[in-house]
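>>> quick one, structure for this:
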Amino acid sequence: MIKVAVDAMGGDYAPTEMVAGAVAAVNANKEIQVLLVGQEHIVSEELSGHTYPNDQIQIVNATEIIETEESPVNAIRKKKDSSIVVGMNLVKQKEADAFVSAGSSGAILVGGQVIVGRIKGVERPPLAPLIPTEKGVSLLIDCGANVDARPSHLVQFAQMGSLYMEHVMGIKNPRVAIVNIGAEEEKGNALVKETFPLLKECKDIHFTGSIEAREIPHGGADVIVCEAFVGNVILKLYEGVGATLIGKVKSGMMGSLRSKIGALLVKPALKETLKSFDASQYGGAPLLGLNGLVVKTHGNSKATEVKNSILQCVTFKEQGINDKIRESLKSKNEGTPFGHTTMPIENGQE
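Model prediction:
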């Protein structure tokens, strides 16, 4: 069985949605065991209202909770019995294959590096969610871990993202592009201008140049490279526009008797189309480049996204994406220092 530790206390709707998602995951896959990490009496009470295979869910007591407004560094240092710290220690000690949390992004980033640890040679681990496009999905890397990235960081993001899309998503020779304000090489800010030629020189990725934001929904690239400030803006705008569009379509269809009749006729096709642009079905964002698997889900995740985040850990584990990153870096850089490796201590900043 693949063991997935789940932060039962993290997220806007914890523990209700976290527990419901865990139950849905084990009911969908007999090969998963979930370790629900949190305050035992609260989690146990929440579980009592569900039906599930008893041998597939276990509660691991953790008495403390890291709140989103707390300093990530101080919280990780001081709250040793928090659900995030306890869950990550389970991964570090090989008692769990993965850790899933909808809790504090900063605490997850810091904890992932301090507790689970970075793969040797990885400068900055990025958060890499899959986002829906006209052609399927693309990987947005980085979307929230490193807001002040350097060119060498973006090059590594491109390399790790390319490995992810090839081995986890099965896309051969994935197209890699850097987010820019134009297609021309000379455009962009200092970071993009400095990174562009470095990506062109990479022999192990299929770099296609710049990508403008409007081309992302059309599937203009398989791996979309950017620093976390830009990536997070893209992700949040993506989600906001998607939710607004779906709401407007639904309200428009209910505007008159004629539109209601038309809605009944197109409902099956429309439902399938809208589902393909629902980001929650793709699960959470893995923190790539660690010695173990850590997956961050949205803070407002409901049971469906939690379930899919847990289920995607099976693919991550089977494909050994972090092992492939380790092997790739080792083969390229054996015997030489791999860039800057100072420990980022808060929100991806030094």
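
>>> use CA for all of it now, contacts and neighbours both
Fine.

>>> bridging residues for the nearest residue to Pro129 once chain neighbours are set aside?
Counting by C-alpha to C-alpha, 6 or more residues apart in numbering, Pro129 lies nearest to Ala285, which is 4.1 Å off, once chain neighbours are set aside. Beta-bridge partners recorded for Ala285 (DSSP bridges): Lys296.

>>> going forward can the numbers begin at 15, since that is how I track them
All right, first residue 15 from here; so that's Ala299.

>>> so who does Ala299 touch?
141-144, 309-311 (C-alpha atoms under 8 Å, 6 or more residues apart in numbering).

>>> next: Val114.
Counted by C-alpha under 8 Å, 6+ apart, Val114 has contacts 18-21, 308-311, 323-324.

>>> how about it, phi and psi?
phi -120, psi 130 (degrees, to the nearest 10).

>>> surely Gly306 meets Val130?
Yes. Counting by C-alpha atoms under 8 Å, Val130 is a contact partner of Gly306 at 6.1 Å.

>>> got any residues that touch both of those two?
105-106.

>>> of the two, which one has the most company?
Neighbours were counted for Gly306 and for Val130 using other C-alpha atoms under 10 Å; Gly306 has more, 27 against 21.

>>> how close does the more buried one sit to Ile46?
17 Å (C-alpha to C-alpha, to the nearest Å).

>>> equivalent analysis for Ala39, please.
8 Å.

>>> so those two - more neighbours on which side?
More crowded of Ala39 and Ile46, by other C-alpha under 10 Å: Ala39, with 25 against 21.

>>> ok, now which ones touch that one?
46, 321-322, 324-325.

>>> just among those, which is most surrounded?
Compared across the contacts of Ala39, Ile324 has the highest neighbour count, 31 neighbours, by other C-alpha under 10 Å.

>>> okay, the contacts of Val114 in CSV with pLDDT and distance to Met102 next?
Listed next are these as CSV, based on pLDDT from 0 to 100; distance: C-alpha to C-alpha, whole Å:
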residue, pLDDT, distance to Met102
Val18, 97, 11
Ala19, 98, 8
Val20, 98, 10
Asp21, 97, 9
Val308, 95, 8
Val309, 95, 11
Lys310, 94, 12
Thr311, 93, 15
Ser323, 94, 16
Ile324, 95, 15
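
>>> distance to His181 for the residues you listed - can I get that in TSV?
Below are those laid out as TSV (distance: C-alpha to C-alpha, whole Å):
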residue	distance to His181
Val18	21
Ala19	23
Val20	24
Asp21	27
Val308	18
Val309	17
Lys310	20
Thr311	21
Ser323	18
Ile324	18
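
>>> returning to that earlier point: so which of the contacts of Ala299 wins on neighbours?
Going by other C-alpha under 10 Å, Ala142 tops those with 30 neighbours.

>>> ok, that one to Leu249 distance?
Taking C-alpha to C-alpha, one finds Ala142 at 11 Å from Leu249.

>>> who touches both of the two?
With C-alpha under 8 Å, 6+ apart as the test, Ala142 and Leu249 both reach Cys157.

>>> packing partners of the helix or strand hosting Val247?
When elements are assigned from DSSP states H and E, Val247 belongs to helix 242-267. If you count contacts as 3 or more C-alpha pairs under 8 Å, 6 or more residues apart in numbering; DSSP states H and E, helix 242-267 packs onto strand 150-155, helix 271-290.

>>> chain center to it, what's the gap?
Relative to the centre of its chain, helix 242-267 is centred 18 Å away, using C-alpha atoms, centre = their mean, to the nearest Å.

>>> the inter-axis angle of it versus strand 150-155?
150 degrees (axes from the mean of the first three to the mean of the last three C-alpha atoms, to 10 degrees).

>>> buried ones in helix 242-267?
242-246, 248-249, 252-253, 256, 267 (16 or more other C-alpha atoms under 10 Å).

>>> from the residues you listed, which is closest to His232?
Tyr252 (12.4 Å; C-alpha to C-alpha).

>>> one step back: what's the distance between the residue nearest to Pro143 and Leu123?
Separation of Ala299 from Leu123 (C-alpha to C-alpha): 12 Å.

>>> try Gly261
Applying C-alpha to C-alpha to Gly261 and Leu123 gives a distance of 33 Å.

>>> and Asp95, by the same measure?
For Asp95, the distance to Leu123 - C-alpha to C-alpha - is 17 Å.

>>> pick out whichever of the two has more residues nearby.
More crowded of Asp95 and Leu123, by other C-alpha under 10 Å: Leu123, with 27 against 18.

>>> where does that one land in three-state SS?
Of the three states, Leu123 takes helix under DSSP: H, G, I helix; E, B strand; the rest coil.

>>> ok, it touching Gly158?
No. The criterion here is C-alpha under 8 Å, and Leu123 misses it with Gly158 at 9.4 Å.

>>> so which of the contacts of Val114 sit within strands?
Among the contacts of Val114, the residues falling in strands (DSSP state E) are 18-21, 308-310.

>>> for this protein, which segments are assigned as strands?
16-21, 46-52, 71-75, 112-115, 144-147, 150-155, 189-193, 220-225, 237-239, 299-300, 307-310.

>>> got a markdown table for those strands, with distance to Val182 too?
Below are those laid out as a markdown table (distance: least, C-alpha to C-alpha, whole Å):
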| stretch | distance to Val182 |
| --- | --- |
| strand 16-21 | 17 |
| strand 46-52 | 18 |
| strand 71-75 | 26 |
| strand 112-115 | 16 |
| strand 144-147 | 11 |
| strand 150-155 | 11 |
| strand 189-193 | 15 |
| strand 220-225 | 17 |
| strand 237-239 | 13 |
| strand 299-300 | 12 |
| strand 307-310 | 13 |
